[in-house]
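A.B. asks: With the input below, show me the fold.
(one chain, ligands or ions: 1)
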Amino acid sequence: MTRRRLVRDMVRIRCVEEELGDVYRDEQEMRTPVHFSIGQEATAVGVCAALRRTDVIYGGHRCHAQYLAKGGDLTAMVAELYGKQSGCAAGRGGSVHLVDRAAGFGASSAILGEMISVAVGAAWSFALRGEPRVAATFFGDGASEEGVFHESLNFAALHRLPVVFVCENNQYSLSSPQAARQPAGTSISGRARGYGMPARRVDGNDVFAVFEAAEEAVRHCRQGNGPYFLELDTYRWREHVGPHWDYDVSGRSKADVDSWVARCPIRRAVETLSDTDPGITEQLAVWQREFRAELHEAVAAARSSPFPAVADLLTGVYES
Ligand SMILES: Cc1ncc(C[n+]2csc(CCOP(=O)(O)OP(=O)(O)O)c2C)c(N)n1
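C.D. replies: Okay, the predicted model is just below:
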């Protein structure tokens, strides 16, 4: 994995989400809630770069970045947001129910914490079959308060399952800060350690640090040493759901958001690279043009695709 590749993948996700946000707001044709990860790109990119295509990940409601970082098909994702038959979930799921099995994106769900247990199940099947595969699951600091989080960590540790738990700690569950929801003096990674698994807390806006920690986590799992926990500190720039900025309406001040925008994971990675790779800034502009065009092609394809037939709407809804 080259360091340039990590930057490229973050830029692609940023361009896709920013452009999608504008189209979503201006057009009002995508009838799905959208939870953007703008500002959080380093977590998905750093972790997925440490995984193989045959490894499988599971996400929650904020899953576009994870899907794309794992190699999910962009055209099928955008069609899904438009509810079209050519969508990755055949237009039945919308933005919170992405899937691309060929790329190793197992599923995502808006039921908080649900996919943590599904990832543990996948890891259990890998262990039982003796397959050298790893499962990973992404969830927020809020989801770590669900009972299923604790049951899943306990079970994975007990059976030494190859699963990487990835907590994207963006400090908020909707408008409720972590300090208002979890006991002072404790941490999510500390609770994971209580189940007897290694847990690291990493700057989630430093893609190189995330990648290095994820490589260690994946190696640990693949060698049969049981689960590993990553708590990645980051911040969501936009509102909880939707394309807008939400200064002062959701308990987050403009100064707070601005301080995290100043810690932009892409800008930081470019600054780090520019000493040894002076062409990176020029490359950035080329990528931005390329990825924005790629997104608009996917939007055009989605718009001209048919909706599922009404008579067929229940087909596949409960299929495995
Ligand atoms: C079981 C369940 N309870 C409540 C909700 C409502 N809900 C949706 S997103 C969310 C906040 C999630 O916060 P976090 O897990 O930190 O993820 P973030 O949105 O910050 O990425 C809540 C409470 C839900 N979807 N599922």
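
A.B. asks: drop to CA atoms for contacts and neighbour counts, all remaining ones
C.D. replies: Will do.

A.B. asks: for the ligand, what are the nearby residues on the stretch 1-150 of the chain?
C.D. replies: Where the stretch 1-150 of the chain comes near the ligand, counting by Cα under 6 Å from any ligand atom, the residues are 62, 110, 111, 112, 139, 140, 141, 142, 143.

A.B. asks: Let me have those residues in JSON lines, extended by neighbour count, secondary structure and pLDDT.
C.D. replies: Putting these into JSON lines (neighbours: other Cα atoms under 10 Å; DSSP: H, G, I helix; E, B strand; the rest coil; pLDDT from 0 to 100) gives the following:
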{"residue": "62", "neighbour count": "22", "secondary structure": "coil", "pLDDT": "98"}
{"residue": "110", "neighbour count": "15", "secondary structure": "coil", "pLDDT": "96"}
{"residue": "111", "neighbour count": "11", "secondary structure": "coil", "pLDDT": "97"}
{"residue": "112", "neighbour count": "19", "secondary structure": "coil", "pLDDT": "97"}
{"residue": "139", "neighbour count": "25", "secondary structure": "strand", "pLDDT": "98"}
{"residue": "140", "neighbour count": "23", "secondary structure": "strand", "pLDDT": "98"}
{"residue": "141", "neighbour count": "24", "secondary structure": "coil", "pLDDT": "98"}
{"residue": "142", "neighbour count": "22", "secondary structure": "coil", "pLDDT": "98"}
{"residue": "143", "neighbour count": "21", "secondary structure": "helix", "pLDDT": "98"}
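
A.B. asks: Residue nearest the middle of this structure, spatially speaking?
C.D. replies: residue 66 (3.3 Å; Cα atoms, centre = their mean).

A.B. asks: Could you pull out the helices in the stretch 151-300 of the chain for me?
C.D. replies: 188-193, 207-222, 254-261, 265-274, 280-303 (DSSP state H, counting those that start in this stretch).

A.B. asks: deepest of the ones you listed, which one?
C.D. replies: Comparing the helices of the stretch 151-300 of the chain on average neighbours per residue, with mean count of other Cα atoms under 10 Å, the densest one is helix 207-222 at a mean of 21.

A.B. asks: model confidence over that one, on average?
C.D. replies: When pLDDT is averaged along helix 207-222, the result is 98.

A.B. asks: so how far is residue 153 from the closest residue to residue 221 other than its chain neighbours?
C.D. replies: Nearest non-adjacent residue to residue 221, counting by Cα to Cα, 6 or more residues apart in numbering: residue 162, 4.4 Å away. Note on residue 162: its distance to residue 153, by Cα to Cα, to the nearest Å, is 12 Å.

A.B. asks: Mind listing the shared neighbours of those two?
C.D. replies: With contacts defined as Cα atoms under 8 Å, 6 or more residues apart in numbering, no residue is shared by residue 162 and residue 153.

A.B. asks: So the two - more neighbours on which side?
C.D. replies: Comparing residue 162 with residue 153 by neighbour count (other Cα atoms under 10 Å), the higher total belongs to residue 162, at 33 against 26.

A.B. asks: residue contacts, that one?
C.D. replies: Counted by Cα under 8 Å, 6+ apart, residue 162 has contacts 123-124, 126-127, 133-135, 156, 221-222, 224-227.

A.B. asks: mind putting those in JSON lines, distance to residue 80 included?
C.D. replies: Converted to JSON lines, the contacts of residue 162 look like this (distance: Cα to Cα, whole Å):
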{"residue": "123", "distance to residue 80": "27"}
{"residue": "124", "distance to residue 80": "30"}
{"residue": "126", "distance to residue 80": "29"}
{"residue": "127", "distance to residue 80": "33"}
{"residue": "133", "distance to residue 80": "28"}
{"residue": "134", "distance to residue 80": "27"}
{"residue": "135", "distance to residue 80": "24"}
{"residue": "156", "distance to residue 80": "32"}
{"residue": "221", "distance to residue 80": "33"}
{"residue": "222", "distance to residue 80": "33"}
{"residue": "224", "distance to residue 80": "36"}
{"residue": "225", "distance to residue 80": "38"}
{"residue": "226", "distance to residue 80": "35"}
{"residue": "227", "distance to residue 80": "32"}
